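Enquirer: Just need the structure, nothing else, for what follows:
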Amino acid sequence: MNFDRKPSLFHLLLAIFALLVPLASAQAQANKSEAPAVSNQKPEQQSDTSGASEMEQLKSQVKQLQALIEQQQRALATIQKRLDETDGKARAAAAVSSTGLDGTVGVSADLRTASLQAGQAPKDAPAASQAKAQDKPAVVAGWDRNHAFLRSADSSFETYIGGYAQLDGRAYQSGDHPPNTFLIRRARLAAEGKVARYFDFKLEGDFADTSGTLLRDFYVNIHRIDEFQLRFGQFRVPISQEEIRTDSFQDFVERSMVNNLVPSRSPGLMAWGTLNWTKDEIIQTGEFEYYIGAFNGKGLLANNNNGTPETAIRLRFAPWRNGKGFISKGFIFGGAFTQGRSLGGTSVRGQTESRSFSFFTPDTINGKYIRANGEMTWLLGPAVIRAEYDQTNQRRDNLGVAGRNLPGVVAKGYTAQFTYMLTGEDKPEAGTLTPKHNLFSDGKGLHRFGAWELKFRYANLQIADSTAKSNRAESFYFGPNWYMNRYVRYMLDIGFERFKDPARSPKPGDRNFFVVLSRVQVAF
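Expert: Below is the predicted model of the structure:
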């Protein structure tokens, strides 16, 4: 409930009624006093005393009215006090009902309301702040179309609760591969927001992780200006647009097999920012992003084992992002480079999107490694073109006979994809797509069918370590995506995977392999 500080209409009517009753009584007394009295005085004596009598009556009436006014003022003050008490109790109840996940926020709000109600405001709070705290609830909770949120009254603290879950189905052609199956691919819940205005944070866990590494993202981002920000924690190493685009926004059930060549998340720190430039100092036309970081480079929650951090730099350009040209404004390109050192680690793996078979078993690596990446995205309204090239070189020093160096592992891969929204929606670069018409949303009986998308992707990956020359595979994937609404999506990938060496195929003796991948996803 939200009570106004002023008396309600009911209380005002009650006060007016209480005022009118004594006034009516006083008026009756006055009329009675003005009535002619029966007296035995002579006419001339009555004439002499009538003036003095009327003056005394008027003085008496004035005193009665003054007493009535004072009485009504006290009554109004009592009503106001009761309203204040009721208002304070309602605010205390609202604070309890808006308690945070761990109860801390609600308890603090309750205590603060109680102190204000008792007239014991915090010593360090000015009078204006105390009045403002009484007028607004300490915590606001709600839904902003995409996420549930908790927000302080002054917006200095806010957190959004979001997540997504994915149920996958995998069906394979007969051969040497895992059985057809359903699986919960991901089930993630995240809290992200800001504290003290300039400090962003994110905490995300995956409840479908069977390896025990529940934590995915945890970081604090210092964001005073867009041009320079600092991030600390565990997050994605800045390389590969396909890897950086979050799992819930991917166009295909699985990332391309080229993604085997780039790292994912790692503990570390990073400086990054977005710079804009203008034309004629009026029209903003271009955008430039940079990322420079240092990481452990050994994976989720993994410590570094050699004292040398993995360093990374990524640059991305959108020269005409805010221009007026339809063809040019969505063109984005960039690249990244990382380097580090491995001490008895494992090399990249040769595995296709279906994860049915490894055509290259990882080698033991030791020494320096480098990664290079080039990428391009072209947004054309309902159509999107994405392409990427990745390469990694991993040394195998001192692993041969008598400590000799072995030839390193060299892996190269590239992928390109095209998607098109059949129902005409503009496809975002990395964000939630909202259909023009949701499934079953039309109350007129004409059922809408959400948004529909067609897609195609080609990927090629080759890996060599000088001992085998046929570690290469390519894949073709296509199919539809069905966006029932902005929260629920169905994806179907029909894939053909080809292996250069038939002996390294899931179906020995046959280079070609057929697979169907599907997914139902809910994200909020």
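Enquirer: C-alpha from now on. contacts and neighbour counts both.
Expert: Fine.
Enquirer: helix or strand for P480, which one?
Expert: strand 472-483 (DSSP states H and E).
Enquirer: Pairing partners for that strand, with directions?
Expert: Using DSSP bridges, the strands paired with strand 472-483 are strand 451-464 (antiparallel), strand 488-499 (antiparallel).
Enquirer: nearest to A190, of those strands?
Expert: strand 488-499 (17.8 Å; C-alpha to C-alpha).
Enquirer: average pLDDT for the following helix or strand past that closest one?
Expert: Downstream of strand 488-499, the next assigned helix or strand under DSSP H and E is strand 512-523. Mean per-residue pLDDT for strand 512-523: 96.
Enquirer: which secondary element of the chain has the worst mean pLDDT?
Expert: Lowest mean confidence among the helices and strands of the chain (mean pLDDT, DSSP states H and E): helix 104-117, at a mean of 36.
Enquirer: Return the distance of the residue lying closest to R188 once chain neighbours are set aside relative to Q57.
Expert: Nearest residue to R188 in three dimensions, chain neighbours excluded: D206, at 4.3 Å (C-alpha to C-alpha, 6 or more residues apart in numbering). Distance of D206 to Q57, computed by C-alpha to C-alpha, to the nearest Å: 88 Å.
Enquirer: Give the residue from the two that has the larger number of neighbours.
Expert: D206 (21 against 13; other C-alpha atoms under 10 Å).
Enquirer: pretty sure Y458 is touching F476, no?
Expert: Yes. Under the criterion of C-alpha atoms under 8 Å, Y458 makes contact with F476 at 4.9 Å.
Enquirer: Tell me which strands the helix or strand harbouring D168 pairs with, and in which orientation.
Expert: Using DSSP H and E, D168 maps to strand 157-172. Sheet pairing of strand 157-172 (DSSP bridges) gives strand 148-152 (antiparallel), strand 181-195 (antiparallel), strand 512-523 (antiparallel).
Enquirer: Output the ones you listed as a markdown table; include the columns distance to Q417.
Expert: A markdown table is the format used below for the strands paired with strand 157-172 (distance: least, C-alpha to C-alpha, whole Å):
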| stretch | distance to Q417 |
| --- | --- |
| strand 148-152 | 34 |
| strand 181-195 | 23 |
| strand 512-523 | 17 |
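Enquirer: Please tabulate those strands in JSON lines and include mean neighbour count and distance to L269 as additional columns.
Expert: As requested, these are exported to JSON lines (neighbours: other C-alpha atoms under 10 Å; distance: least, C-alpha to C-alpha, whole Å):
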{"stretch": "strand 148-152", "mean neighbour count": "19", "distance to L269": "27"}
{"stretch": "strand 181-195", "mean neighbour count": "17", "distance to L269": "18"}
{"stretch": "strand 512-523", "mean neighbour count": "20", "distance to L269": "28"}
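Enquirer: nearest to G307, of those strands?
Expert: strand 181-195 (31.4 Å).
Enquirer: Let me know how buried A77 is, in neighbour terms.
Expert: With other C-alpha under 10 Å as criterion, A77 counts 11.
Enquirer: I'd like to know how far it sits from A67.
Expert: Remark: distance between A77 and A67 (C-alpha to C-alpha) = 16 Å.
Enquirer: repeat for K507
Expert: Distance from K507 to A67, by C-alpha to C-alpha: 104 Å.
Enquirer: State the helix or strand in which the nearest residue to A383 once chain neighbours are set aside lies.
Expert: With sequence-adjacent residues excluded and distances taken as C-alpha to C-alpha, 6+ apart, A383 is closest to Y420, at 4.3 Å. Using DSSP H and E, Y420 maps to strand 406-421.
Enquirer: Strand partners (parallel or antiparallel) of that strand?
Expert: strand 383-396 (antiparallel), strand 451-464 (antiparallel).
Enquirer: Dump these to JSON lines, plus mean pLDDT, distance to A294 and mean neighbour count.
Expert: Formatted as JSON lines, the strands paired with strand 406-421 follow (pLDDT from 0 to 100; distance: least, C-alpha to C-alpha, whole Å; neighbours: other C-alpha atoms under 10 Å):
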{"stretch": "strand 383-396", "mean pLDDT": "98", "distance to A294": "18", "mean neighbour count": "22"}
{"stretch": "strand 451-464", "mean pLDDT": "97", "distance to A294": "27", "mean neighbour count": "21"}
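Enquirer: Can you give me the buried ones in stretch 143-161?
Expert: Across stretch 143-161, burial judged by 16 or more other C-alpha atoms under 10 Å covers H147, F149, L150, R151, S152, A153, F157, E158, T159, Y160, I161.
Enquirer: my bad, stretch 224-237
Expert: Q229, L230, R231, F232, G233, Q234, F235, R236, V237.
Enquirer: and which of the residues you listed is nearest to R489?
Expert: R236 (24.7 Å).
Enquirer: Could you check how far the closest one is from D154?
Expert: Applying C-alpha to C-alpha to R236 and D154 gives a distance of 32 Å.
Enquirer: Understood, closing this out.
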